[in-house]
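J.: Return atomic coordinates for the entry below.
(chains A, B, C and D)
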Number of protein chains: 4
Amino acid sequence: MESWRTGIVTSDATNIWVRGHDIRSLMTGATFTDLIVLLHLGRTPSAGERRLLDAILIGVADHGAGAPSCATARMAASSNRESVAAAIGAGVLAIGDDHGGAGTPCMELIAASLAEAAASGLTPAGAAERAVEAAVRDKRRIPGFGHRVHTIDPRVKTMFDMARAEGIAGRGVAFVEALETAIRTRIKPLPINIDGALAAVLHDIGFPPSAARFLFIIGRVAGITAEVAEEYAREKPMRVKLAVEYDGPPPITE
Amino acid sequence: MESWRTGIVTSDATNIWVRGHDIRSLMTGATFTDLIVLLHLGRTPSAGERRLLDAILIGVADHGAGAPSCATARMAASSNRESVAAAIGAGVLAIGDDHGGAGTPCMELIAASLAEAAASGLTPAGAAERAVEAAVRDKRRIPGFGHRVHTIDPRVKTMFDMARAEGIAGRGVAFVEALETAIRTRIKPLPINIDGALAAVLHDIGFPPSAARFLFIIGRVAGITAEVAEEYAREKPMRVKLAVEYDGPPPITE
Amino acid sequence: MESWRTGIVTSDATNIWVRGHDIRSLMTGATFTDLIVLLHLGRTPSAGERRLLDAILIGVADHGAGAPSCATARMAASSNRESVAAAIGAGVLAIGDDHGGAGTPCMELIAASLAEAAASGLTPAGAAERAVEAAVRDKRRIPGFGHRVHTIDPRVKTMFDMARAEGIAGRGVAFVEALETAIRTRIKPLPINIDGALAAVLHDIGFPPSAARFLFIIGRVAGITAEVAEEYAREKPMRVKLAVEYDGPPPITE
Amino acid sequence: MESWRTGIVTSDATNIWVRGHDIRSLMTGATFTDLIVLLHLGRTPSAGERRLLDAILIGVADHGAGAPSCATARMAASSNRESVAAAIGAGVLAIGDDHGGAGTPCMELIAASLAEAAASGLTPAGAAERAVEAAVRDKRRIPGFGHRVHTIDPRVKTMFDMARAEGIAGRGVAFVEALETAIRTRIKPLPINIDGALAAVLHDIGFPPSAARFLFIIGRVAGITAEVAEEYAREKPMRVKLAVEYDGPPPITE
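T.: Alright, predicted model coming up:
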């Protein structure tokens, strides 16, 4: 087999380097959030970027035992306590297009719309109106808007206020705010959700669109571990009893 | 179905609370590491505890593309790019008794040995000698010692130096260091590894033994996401070709 | 990297052999159940063994949408439709000690008890009484007995009747039936469940204890795929709403 | 929580029905392959259909320890032996667009092309030429053709011969064979692979496109279980050592 190439971590018998940084100086001088940025961008964040990243990871970490990823992990933990990894892995597998998944397509929309705006001399507001018009025409949902629980998502204003205070809010935040206005005008009021907010901020920091999904998973795994720990500590195995209604073919008498 | 009980997160239409803390003040005032401690211990850490926790999460985040969890994630990513969660989930599933798994039994050994020492008036060193004697007698490995790559693990001294500088090193660190001495004397020189080091520090902070596994997974998921991102960005699908040697029954001519 | 050894499958540019058998003659002359036996025992089954194996795989394939493995798969499918594998993988992860897991320890109990009986001249009934006595003394549950839904598991009598009709029922079936009698006398009436029944039959066919778990998973994956297919076809994403009751620390006013 | 609807399995205290069929008569009168068809189509197969389904499941069950799904399962088993489900789940997660994934899009292509042919009076051969022309124009690969190991896949001719002998080969098989001819003429010789062959046969039996993926997973899980059993029985934990070449930023001297 040929070698596997990597540019992330190397080690020898007595040391380890992450993106070229000595693990010992990272352990003494960096935060876990710094390391996450280093792993994904190849550089450590500024103080303001670190604060925004901490806010993002905190914002997505846990949304309660009934959130799909947490609930799936707890269901697996209820019937299989052989391996912590099995329960946490099951929770991760519930993260996808409909749960934790809107950040990446929202970042793609931001990048494409702002690139088009730059090419055609549109303002972010003009680009947002055009994006909403296109979504209405093609009957597509705009990723990053609406929530099944929150009428106002408390995390959005907090994150945008922080991004402005830190001087990080740029064209990404402006575009997502313009999208909200254009959606309210053209369709109906739909609040920016956490995926839309983190997409705007990650765009302005310089992350690629794929990072939204990776960061959601990193943050949520923290919450999943706590949910699994609580399941183990408080509940008996096999506690979950779901109400199931059968509406298939009637039992055949033979 | 009856309700699921939880004491971790609650929310209403306009806000979210983690262990009773308003998500907005956590986002503006806490770090991701603070939140991890809050999720697992129900309280935020002191400044010194936060530094140690950051060091632990950084220390376990990534050990290279060939580490079992990272390699398993990359293999899954090589043949299945439909879902980021599938690749990361596969990586998590490689974390178990032989990889990332020694921290929890090491914490159990620390807790049991120190409890026995307290009951019988032994010093940590005396308790360590007794633990090594018992392991030799029962032919058990002592969890938290030895590494297949490192003769000296650079992360151990760093972590213990930090624990002492922050005033956190207590009976857990003393016991694990005494274990190293007793192992060298009674068996052979075997260095403390990262699992043994984090077990000692987590014990002294007040975490239960199960936390070692949860924290390993939280930290390692950060690394796994970066490895999967690199696999997507740099490699073609289905690149991995393993050398396989068949030594089963010879083909039957029919 | 050194080669990986295997004795299961080999192939060249124009053919494939499973345990030495040409894939073409297997495809034309064997059933899927034959292949499962060939993969695990290195030989194809007799007609009677095949019928029993089919009965076992059918018996464990699906127990309804609320069974933990099926429910976990459907929850993952509800929020993540990017990858069929993610939903099915999540369902597999719910299979463990408390769900689908009793067959292997039951086979271990059968093998150990019958070996002890052979060594000490006990009958299966005598060995069963001794095993129940030991379980009562050590406060252990006897694997393979009792069910949270069925007072009588319809699959058990069917399987044992088939095993007798095919001339396969041997000391394994005799021992498990003797266990049921000894449990009723010494503890309370507890019916043999599907795990206990398949353990007895697999023992008598000559499978090792680990096979009980593998065969449960093979059979159940068939059911999980049908449950996931139904979830995709009949339900909208994110349909599952669980009732969650928060009993943690009260929201802090700040 | 509202009830979960299902039309697959129901049970009461003393019996279980699959699609309305009594579990006892299925266990005594059906094969596992019959049950798989019943679960997915709601009816049991004819004798010829059963033979083809057995051939498909046998054909995909295992392609050697180095196949991505098997290799991923073995890597997870190498470092985590706490849970059989974790290793098998990891193997399932490697099944996706580039491995086991071509059957479903091939069935979609068959269905769409034959529908178009029926509407416009084309023969299968004419529809195949049109499909190849469109793929060349749009630079898309045609799913179900080519293999990285086999120049001729031995399973394809076997399967098509069986489909003809059983009277099952219909417009699906004719179309896929016409595709092979059109690809050879218009692009280059590319053999039908197992995914293309099973897609044609499943179409002719009446399965929906999604079934190709589900059946691949059911078959492959049988192989994965055998690979994991061999890993446990023959190998030590943590045996896998990959050659990794670091080409990232040089270690920083600090």
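J.: In the host helix or strand of A:Leu38, which residues are buried?
T.: Following DSSP states H and E, the helix or strand that holds A:Leu38 is helix A:32-41. Under the neighbour-count criterion of 16 or more other Cβ atoms under 10 Å in any protein chain shown, helix A:32-41 has A:Phe32, A:Thr33, A:Asp34, A:Leu35, A:Ile36, A:Val37, A:Leu38, A:Leu39, A:His40, A:Leu41 buried. To be clear about C-beta, it is placed using only N, CA and C from the backbone, and glycine gets the same treatment.
J.: Then stretch A:87-103?
T.: Of the residues in stretch A:87-103, those buried under the neighbour-count criterion (16+ other Cβ under 10 Å) are A:87-103.
J.: Surely A:Ile56 touches A:Met159?
T.: Yes: with contact taken as Cβ atoms under 8 Å, A:Ile56 and A:Met159 are classed as touching, separated by 7.2 Å.
J.: and for those two, which residues touch both?
T.: Common contacts of A:Ile56 and A:Met159 (Cβ atoms under 8 Å, 6 or more residues apart in numbering or on different chains): A:Leu198, A:Val201.
J.: on that earlier part again, so which of the buried residues of stretch A:87-103 are also by chain B?
T.: Judged by Cβ under 8 Å from any Cβ of the partner chain, the overlap between the buried residues of stretch A:87-103 and the neighbourhood of chain B comprises A:Ile88, A:Gly89, A:Ala90, A:Val92, A:Leu93, A:Ala94, A:Ile95, A:Gly96.
J.: Find the nearest non-adjacent residue to the last one, please.
T.: On the basis of Cβ to Cβ, 6 or more residues apart in numbering or on different chains, the spatially nearest residue to A:Gly96 that is not a chain neighbour turns out to be C:Asn80, at 2.6 Å.
J.: per-residue confidence at the one you found?
T.: With respect to pLDDT, C:Asn80 scores 96.
J.: Contacts only, for it.
T.: Applying Cβ under 8 Å, 6+ apart as the definition, the contact partners of C:Asn80 turn out to be A:68, A:93-99, A:101, B:83, B:85, C:86-87.
J.: What distance do you get for it to C:Ala86?
T.: As defined by Cβ to Cβ, to the nearest Å, C:Asn80 lies at a distance of 5 Å from C:Ala86.
J.: Give me the common contacts of these two.
T.: Shared contacts of C:Asn80 and C:Ala86 (Cβ under 8 Å, 6+ apart): A:Leu93, A:Gly96, B:Ser83, B:Ala85.
J.: Following element in sequence after the longest helix along chain A, please.
T.: Taking residue count as the measure and DSSP state H as the definition, the longest helix of chain A comes out as helix A:210-234. For helix A:210-234, the following helix or strand on the C-terminal side (DSSP H and E) is strand A:244-246.
J.: Quickly check: that following strand near chain D or not.
T.: Yes: counting by Cβ under 8 Å from any Cβ, chain D has neighbours in strand A:244-246: A:Val244, A:Glu245, A:Tyr246.
J.: number of nearby residues for the closest residue to the second one other than its chain neighbours?
T.: Taking Cβ to Cβ, 6+ apart as the measure, A:Glu245 lies nearest to D:Ser3, with 4.0 Å between them; neighbours along the chain are not counted. Residues near D:Ser3, counting by other Cβ atoms under 10 Å in any protein chain shown, number 14.
J.: Ok, the one 10 residues further on next?
T.: By other Cβ under 10 Å, 11 other residues sit near D:Ala13.
J.: if you skip the residues just before and after it, what's nearest to it?
T.: Nearest non-adjacent residue to D:Ala13 (Cβ to Cβ, 6+ apart): C:Thr151, at 5.1 Å.
J.: What pLDDT does the model give the one you found?
T.: pLDDT, C:Thr151: 80.
J.: Report the contact partners of it.
T.: Contacts for C:Thr151 were tallied using Cβ under 8 Å, 6+ apart; they are C:Pro191, D:Ala13, D:Thr14.
J.: can you put these in JSON lines and add pLDDT and secondary structure?
T.: Formatted as JSON lines, the entries for these read as follows, by pLDDT from 0 to 100; DSSP: H, G, I helix; E, B strand; the rest coil:
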{"residue": "C:Pro191", "pLDDT": "93", "secondary structure": "coil"}
{"residue": "D:Ala13", "pLDDT": "89", "secondary structure": "coil"}
{"residue": "D:Thr14", "pLDDT": "90", "secondary structure": "coil"}
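J.: residues in the stretch 101-250 of chain A within reach of chain D, list them.
T.: Near chain D, when you scan the stretch 101-250 of chain A using Cβ under 8 Å from any Cβ, you find A:Leu242, A:Ala243, A:Val244, A:Glu245, A:Tyr246, A:Asp247, A:Gly248, A:Pro249, A:Pro250.
J.: my guess is A:Gly103 meets A:Gly144, correct?
T.: Yes: A:Gly103 is in contact with A:Gly144 according to Cβ under 8 Å; the separation is 7.2 Å.
J.: Give me the common contacts of those two.
T.: Between them, A:Gly103 and A:Gly144 share the neighbouring residues A:Asp195, A:Gly196, A:Ala199, with contact defined by Cβ under 8 Å, 6+ apart.
J.: How much space separates the first one from A:His147?
T.: Distance of A:Asp195 to A:His147, computed by Cβ to Cβ: 9 Å.
J.: the more surrounded of those two?
T.: A:Asp195 (28 against 18).
J.: buried residues in the one helix or strand that one maps to?
T.: Assignment of secondary structure by DSSP H and E places A:Asp195 within helix A:194-205. Applying a neighbour-count criterion of 16+ other Cβ under 10 Å, one finds A:Ile194, A:Asp195, A:Gly196, A:Ala197, A:Leu198, A:Ala199, A:Ala200, A:Val201, A:Leu202, A:His203, A:Asp204, A:Ile205 buried in helix A:194-205.
J.: pLDDT below threshold where in the stretch 151-254 of chain A?
T.: By pLDDT under 70, the weakly predicted segments of the stretch 151-254 of chain A are A:253-254.
J.: Give me the spatial nearest neighbour of the residue of it found nearest chain D, chain neighbours excluded.
T.: In the stretch 151-254 of chain A, no residue comes nearer to chain D than A:Gly248, which is 3.0 Å away by Cβ to the nearest Cβ. When the adjacent residues along the chain are set aside, A:Gly248 lies closest to D:Gly7, with 3.0 Å between them (Cβ to Cβ, 6+ apart).
J.: Next one: the one you found from B:His21, what distance?
T.: Between D:Gly7 and B:His21 the distance is 45 Å, computed by Cβ to Cβ.
J.: Can you pick out the residue with more neighbours from those two?
T.: When neighbours are counted by other Cβ under 10 Å, B:His21 comes out ahead of the other of D:Gly7 and B:His21, with 21 against 17.
J.: Which residues outside stretch A:118-130 are in contact with it?
T.: By Cβ under 8 Å, 6+ apart, the surrounding residues in contact with stretch A:118-130 are A:Ser113, A:Leu114, A:Glu116, A:Ala117, A:Arg171, A:Ala174, A:Phe175, A:Ala178, A:Leu179, A:Thr181, A:Ala182, A:Arg186.
J.: Need the buried ones from the residues you listed selected in PyMOL.
T.: Here the buried members of the contacts of stretch A:118-130 are turned into a PyMOL selection, burial being counted by 16+ other Cβ under 10 Å:
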select buried, chain A and resi 113+114+117+171+174+175+178+179+182
